[in-house]
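A.B. asks: Okay, here's the prediction I keep looking at, along with the sequence it came from:
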Amino acid sequence: MPESPTREPDSQPEARCVLVCQYLSCLKNGSAAVLAAFEAQQLAGVKVEATSCQGQCTTGPTVRVTPDEIWYCRVKPSDVPLIVEEHFQEGKPVEALFNPRIHARYYY
């Protein structure tokens, strides 16, 4: 049997992508302005995309950052500079904006 070709490990990490919901509930809560705020930042190596529903309608506007799998909820345009500075530049996601359905916190 011939051996299957070995795959070279990816030398480039997956690029970050900011997915901003533009579906009904999120749009009603201002997600178009959130999308515009992210697009205005012009972040090197970060792709900003409008998406359809991400299934978090009651906590919108929803912003998901991949490949980090960080889900932010109720994001306002004024939150964008904080997300950019802390998450993208300093590497510390903004816990105060985490979606509690996705990022459950336990206190003892």
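C.D. replies: Noted; the coordinates are in hand. Residues are numbered from 1 along each chain as shown.
A.B. asks: where in this protein is pLDDT low?
C.D. replies: For the chain, applying pLDDT under 70 flags the ranges 1-13, 107-108.
A.B. asks: All the helices of it, in order from the start?
C.D. replies: 24-28, 31-41, 80-83 (DSSP state H).
A.B. asks: start to end distance for stretch 24-43?
C.D. replies: 27 Å (Cα to Cα, to the nearest Å).
A.B. asks: now it, how far from the chain's geometric center?
C.D. replies: Relative to its chain's centre, stretch 24-43 lies at 12 Å (Cα atoms, centre = their mean, to the nearest Å).
A.B. asks: Need the contact partners of that stretch.
C.D. replies: 18, 20-22, 48, 50, 53, 57-58, 60-63, 74-77, 79-81, 84, 88 (Cβ atoms under 8 Å, 6 or more residues apart in numbering). From N, CA and C alone the C-beta is placed, and that goes for glycine too.
A.B. asks: Looking at these, which are in strands?
C.D. replies: 18, 20-21, 48, 50, 63 (DSSP state E).
A.B. asks: Check those residues and tell me the two furthest apart.
C.D. replies: Within these, two members stand farthest from each other by Cβ to Cβ: C21 and V48, at 12.5 Å.
A.B. asks: Most neighbours among the ones in strands among the contacts of stretch 24-43, which one?
C.D. replies: Counting neighbours by other Cβ atoms under 10 Å, V63 comes out on top of the ones in strands among the contacts of stretch 24-43 with 29 neighbours.
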